[in-house]
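In: Structure of the sequence below:
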Amino acid sequence: MATASIYSNDTPLDQINPSNPSLYEHDAQWPMFKRLRDEDPVHYCADSDFGPFWSITRFDDIMEVEKNTDVFSSFPAIVLGDQDPDFTVAQFIAMDGAKHDSQRKVVTPSVSPQSLAMMEPLIRERIGNIMDELPIGETFNWVDRVSVELTTQMLATLFDFPFEERRKLTFWSDMATASPEIAGDDSVTKEQREEALIECLTVFTEIWNERAQQSPEGKYDFITLMAHSDIFKEMDQMEFLGNLILLIVGGNDTTRNSISGGVLMLNENPAEYEKLKADPGLIPNMVSEIIRFQTPLMHMRRTATRDVEFRGKHIKQGDKVALWYVSGNRDETKIERPDEFLIDRNRARQHISFGFGVHRCMGNRLAEMQLRLVWEEILKRFDRVDVVGKPTRLKSNFVRGITDLPVVLHAK
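Out: Residues are numbered from 1 along each chain as shown. So this is what the prediction gives:
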């Protein structure tokens, strides 16, 4: 599909539809979002495949909405598309107030600073093993061999999931976000998606039952923490599935697509690659810049709990409100030269990829640590990771995903 048929600067404002997943499949969203930030930063789309909705496109406005959970609620969903009424899951990210806070608090020890410090040597070892098995001078798909494999191994650790079956976690994560109704990804059918998620629920129910009978002493995996908490005692099966999806997707998509995106960004900005090679001490700062530039989860939805005036627009009770992180991260009123990838950017952590406020990504430090270790291990072994073909991007308005990135490695 030509990008002109997706969006044109001649498109009338009231016909702009940021939810069109083809925009993101072709990475064609940038002119549209710049125009909305400049001309209509609180924009109403009356007609889309996901129903009518508002778009919030500026950095500060997104933060303002994030802070006001009384008026802009995460319930009933955090993506534009509504769930199938016959297959509806609940999850704490799509809750506000005490229930959200208490459930989130139970699983947070898995990604606490203490847990990360204990996991770092293991993660580094695994990254090193993955890197050492990669072919030199031959084309391969970086996404599958590195990005997916590393994040899948990390997920298996966080859930204490059978290591040899770890690719099931990636499969369930992909199926959870693959839905034309939810995010515009039409790669699977509704029946295929539901079958996969029921399998996920069945497997994890068995694991839950086992962990509930075991001592939780010294164990910080997600399922043990949940199984031994009174907070989750009354959770039904669909809420359990919803929280599984949340933790699997949250532990997978951000890191996976930022690992792939970082390789692509450095290839598209060779001067930055040389800067990195000359000063590996820039890696921690570069990690934040990669996460900003990639924006792996592009939007979060809120729902208005009452009529409200916001930046001169009248938002009605029940209206969907999309917070476009992918646009806020390119807001030139907040970030200097936002369309440039600069690994030594000042205040690089000033981005909104992890959200803001009570729903800020609880695994943000884990994502940063994994990316830091990946690049430390890359620079130890390889002179360059060369991208040798066009990336294949996911057709979705939610996950800014890269599914194929052909590369060739050059040894030091």
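In: where do the strands sit along the stretch 1-150 of the chain?
Out: Counting by DSSP state E, counting those that start in this stretch, one finds strands in the stretch 1-150 of the chain at the ranges 42-45, 53-56, 72-73, 140-141.
In: now those in a markdown table, with mean neighbour count, distance to residue 147 and mean pLDDT?
Out: From N, CA and C alone the C-beta is placed, and that goes for glycine too. Listed next are these as a markdown table, based on neighbours: other C-beta atoms under 10 Å; distance: least, C-beta to C-beta, whole Å; pLDDT from 0 to 100:
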| stretch | mean neighbour count | distance to residue 147 | mean pLDDT |
| --- | --- | --- | --- |
| strand 42-45 | 20 | 32 | 98 |
| strand 53-56 | 24 | 29 | 98 |
| strand 72-73 | 21 | 33 | 96 |
| strand 140-141 | 16 | 9 | 98 |
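In: Redo these as a markdown table? Include distance to residue 106.
Out: Listed next are the strands of the stretch 1-150 of the chain as a markdown table, based on distance: least, C-beta to C-beta, whole Å:
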| stretch | distance to residue 106 |
| --- | --- |
| strand 42-45 | 36 |
| strand 53-56 | 30 |
| strand 72-73 | 22 |
| strand 140-141 | 37 |
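In: Of all these, which one is nearest residue 363?
Out: strand 72-73 (22.6 Å; C-beta to C-beta).
In: What helices and strands are in contact with that closest one?
Out: In terms of contacts (3 or more C-beta pairs under 8 Å, 6 or more residues apart in numbering; DSSP states H and E), strand 72-73 is packed against strand 299-304.
In: For the following helix or strand past the strand it packs on, give the mean pLDDT please.
Out: Using DSSP states H and E, the helix or strand that follows strand 299-304 in sequence is strand 308-310. When pLDDT is averaged over strand 308-310, the result is 98.
In: Show me the helices in the stretch 301-412 of the chain, by range?
Out: 325-328, 364-381 (DSSP state H, counting those that start in this stretch).
In: want to throw those helices into TSV with distance to residue 251, mean neighbour count and mean pLDDT?
Out: Formatted as TSV, the helices of the stretch 301-412 of the chain follow (distance: least, C-beta to C-beta, whole Å; neighbours: other C-beta atoms under 10 Å; pLDDT from 0 to 100):
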stretch	distance to residue 251	mean neighbour count	mean pLDDT
helix 325-328	18	26	98
helix 364-381	8	20	96
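In: Could you count how many residues lie near residue 409?
Out: Applying other C-beta atoms under 10 Å, we find 20 residues neighbouring residue 409.
In: What residues does it make contact with?
Out: Applying C-beta atoms under 8 Å, 6 or more residues apart in numbering, one finds that residue 409 lies in contact with 134, 135, 136, 137, 382, 384, 385, 386.
In: which of the residues you listed are buried?
Out: 134, 382, 384, 385, 386 (16 or more other C-beta atoms under 10 Å).
In: now the residues you listed as CSV including pLDDT and distance to residue 82?
Out: Shown next, in CSV, are these (pLDDT from 0 to 100; distance: C-beta to C-beta, whole Å):
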residue, pLDDT, distance to residue 82
134, 98, 42
382, 97, 45
384, 96, 45
385, 98, 40
386, 98, 43
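In: wait, doesn't residue 246 sit right on residue 95?
Out: No. Between residue 246 and residue 95 no contact is recorded; they are 10.6 Å apart, counting by C-beta atoms under 8 Å.
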